[in-house]
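J.: Sequence and predicted structure below; questions after.
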Amino acid sequence: MDLTREIPEINLNPIQRGGILTPEARQALIEWGDGYSVCDFCGGRLDLIQKPNIQEFIYKELPAFLGCDVARTTNGAREGIFTIMHFLKKEGKGKYALVDGNAHYTTKIAAELAGLELKFVENSGAPEYKINVEGYRKFIEEEIPAVVVLTYPDGSYGNFADAKKLAKICKEYKVPFAINGAYSVGRCPINMNEIGADFIIGSGHKSMAASGPIGVIGMTKEYADKLLKISALAKNKEVCLLGCSSRGATLLTMMASFPAVKERVKHWDKEIEKARRFSAEMESLGFKQLGEKPHSHDLMSFETPILYEISEKHKKKGFFLYQALKERGIGGIKPGKTKAIKISTYQLADEELAKVIGAFREIIGENRGLLE
Ligand SMILES: *Cc1c(COP(=O)(O)O)cnc(C)c1O
């Protein structure tokens, strides 16, 4: 069995750009790769382990970073969303989750597993697909939901809806509000208390340079007291985390990358500038950026009708693009995709982005003959 991996020189895949390990995390992966490696000095609670200092990470570093009162790690963002939904379903104050129309599929499955129905606040449609948070109000007035969720930003277009305004609406109706920050926590500055949310969710392998699977949840003290209930059956174990969540290399890679992650979010303005420049250059090639404009996130979706036209006549069909990019050291666009593509510019150097633009220009140029 060949278990080697092809790693492109430049990887444009949005789900992977924020999860590339720092050298420190790569080292930690080897050091802590053995099963249950973190348990050497465990006194019964993962989050209280002091060697390595998980306690300081979970009780000090993480809440400060998320802008929340209490934080925990989970096995992923989806597990975090599920944990929160499951708790709120049991609270019994509502029977459905009210989410934005750009929500990730895992939000839907989490609700499904938690036994919550779903209602969606639709986006504005093409080309911007924006969420107007005023749209939440109508649903809440009809029936109080168990939880309101905002995907911030969403993983299809990279749109940031007005989270602060939604927090105010939720406070007005006393509805718990969860921010899904899978694409923001670890990439850009984000602060749960400043927004006014009750919960925040992040993904370590998506946006915090961790190997994973690992996620983080943050919450207010009020919710923490109830959500993090101690088991009646197993001494000191937190029931909602099934006793222990992320354990071993998943957590230690996150901790190893954390200083670099704290630093990188400070340079978010540069990332936005870069994304906007890239978008403008893609549009000059005849592509069309979807989602908010000007854009404020590294994840961007482009309609690429020229590439689709080429694919209809090319002997490799839709796979020509993947192949042509691969020959140029560029990966991360799904094989076969040509109509619309998703790209992240996160942490790519200007020269690398220039190379990507150059590659698209060349690919269109060399297939010009197919476009007549
Ligand atoms: C990727 C993603 C998730 C799932 O993250 P995991 O950590 O893999 O569970 C959830 N929500 C959004 C918006 C995402 O982009």
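T.: Perfect, I can see it now.

J.: Residue 272 is in what secondary structure piece?
T.: Assigning secondary structure by DSSP states H and E places residue 272 in helix 268-284.

J.: these two touch, right, residue 370 and residue 314?
T.: Yes. Residue 370 lies in contact with residue 314 (Cβ atoms under 8 Å); the separation is 6.2 Å. For the C-beta atoms, the positions are set from N, CA and C on the backbone; glycine is no exception.

J.: the more surrounded of these two?
T.: When residue 370 and residue 314 are compared on other Cβ atoms under 10 Å, the one with more neighbours turns out to be residue 314, at 18 against 14.

J.: who's in contact with residue 82?
T.: Shown in contact with residue 82 (Cβ atoms under 8 Å, 6 or more residues apart in numbering): 110, 113-114.

J.: Now do the phi/psi pair for it.
T.: phi -60, psi -50 (degrees, to the nearest 10).

J.: same deal with the one 10 residues further on?
T.: According to degrees, to the nearest 10, the main-chain angles of residue 92 amount to phi 80, psi 20.

J.: can you give me the strands in the stretch 101-250 of the chain?
T.: Counting by DSSP state E, counting those that start in this stretch, the segments of the stretch 101-250 of the chain that form strands are 117-121, 147-151, 177-180, 199-203, 215-219.

J.: what's the angle between the second one and strand 117-121?
T.: For strand 147-151 against strand 117-121, the angle between stretch directions is 50 degrees (axes from the mean of the first three to the mean of the last three Cα atoms, to 10 degrees).

J.: out of the strands of the stretch 101-250 of the chain, nearest to the ligand?
T.: Each of those was scored for nearness to the ligand using Cβ to the nearest ligand atom, and the closest is strand 199-203 (3.3 Å).

J.: re the thing from before, give me the buried positions along the helix holding residue 272.
T.: By neighbour count, with 16 or more other Cβ atoms under 10 Å as the criterion, the buried positions of helix 268-284 are 268, 271-272, 274-276, 278-279, 281-282.

J.: doesn't residue 71 make contact with residue 217?
T.: Yes. Using Cβ under 8 Å, residue 217 and residue 71 qualify as a contacting pair, with a distance of 6.7 Å.

J.: hang on, residue 358 in a helix?
T.: Yes. Applying DSSP: H, G, I helix; E, B strand; the rest coil, one finds residue 358 inside a helix.

J.: Find me the pLDDT at it, would you?
T.: Confidence per residue is given as pLDDT, and for residue 358 that number is 98.

J.: gap between it and residue 74?
T.: To residue 74, residue 358 is 41 Å away according to Cβ to Cβ, to the nearest Å.

J.: Also residue 112?
T.: Distance from residue 112 to residue 74, counting by Cβ to Cβ: 18 Å.

J.: More neighbours: those two, which one.
T.: More crowded of residue 112 and residue 74, by other Cβ under 10 Å: residue 74, with 25 against 14.

J.: Tell me which residues touch that one, please.
T.: For residue 74, the residues meeting the contact criterion (Cβ under 8 Å, 6+ apart) are 80, 83, 214-217, 241, 245-246.

J.: quick check, nearest of those residues to residue 349?
T.: If you rank the contacts of residue 74 by distance to residue 349 using Cβ to Cβ, residue 214 comes first, at 27.1 Å.

J.: pretty sure the closest one is touching residue 76, no?
T.: Yes. With contact taken as Cβ under 8 Å, residue 214 and residue 76 are classed as touching, separated by 6.6 Å.

J.: Overlap of the contact sets of these two?
T.: In terms of Cβ under 8 Å, 6+ apart, residue 214 and residue 76 are both contacted by the residues 203-205.

J.: where does the stretch 251-372 of the chain dip in pLDDT?
T.: Across the stretch 251-372 of the chain, not a single residue meets the criterion (pLDDT under 70).

J.: What ranges does it have for its helices?
T.: Under the criterion DSSP state H, counting those that start in this stretch, helices of the stretch 251-372 of the chain are mapped to 268-284, 305-313, 319-327, 350-366.

J.: neighbours around the closest residue to residue 287 other than its chain neighbours, how many?
T.: With Cβ to Cβ, 6 or more residues apart in numbering as the measure, residue 302 is the residue that lies nearest to residue 287, at 4.5 Å, once sequence neighbours are left out. The burial count assigned to residue 302 is 21, neighbours taken as other Cβ under 10 Å.

J.: repeat for residue 98
T.: 26.

J.: gap between the two ends of stretch 285-301?
T.: Taking Cα to Cα, to the nearest Å, stretch 285-301 runs 15 Å from one end to the other.

J.: That one close to the ligand?
T.: No. Contact between stretch 285-301 and the ligand, assessed by Cβ under 6 Å from any ligand atom, is absent, since the two come no nearer than 8.6 Å.

J.: That stretch: which residues count as buried?
T.: For stretch 285-301, burial by neighbour count (16+ other Cβ under 10 Å) applies to 287, 289-292, 295-301.

J.: Let me see the domain layout of this protein.
T.: 23-264, 268-371 (automatic domain parsing).

J.: Can you tell me which residues in the stretch 51-200 of the chain are near the ligand?
T.: Counting by Cβ under 6 Å from any ligand atom, the positions of the stretch 51-200 of the chain adjacent to the ligand are 76-78, 104, 106, 151, 155, 180, 182-183.

J.: and which of the residues you listed is nearest residue 33?
T.: Proximity of these to residue 33 (Cβ to Cβ) peaks at residue 76, which lies at 18.8 Å.

J.: Was I right to think the residue nearest to residue 287 contacts residue 341?
T.: Yes. If you go by Cβ under 8 Å, residue 302 and residue 341 touch, sitting 5.6 Å apart.
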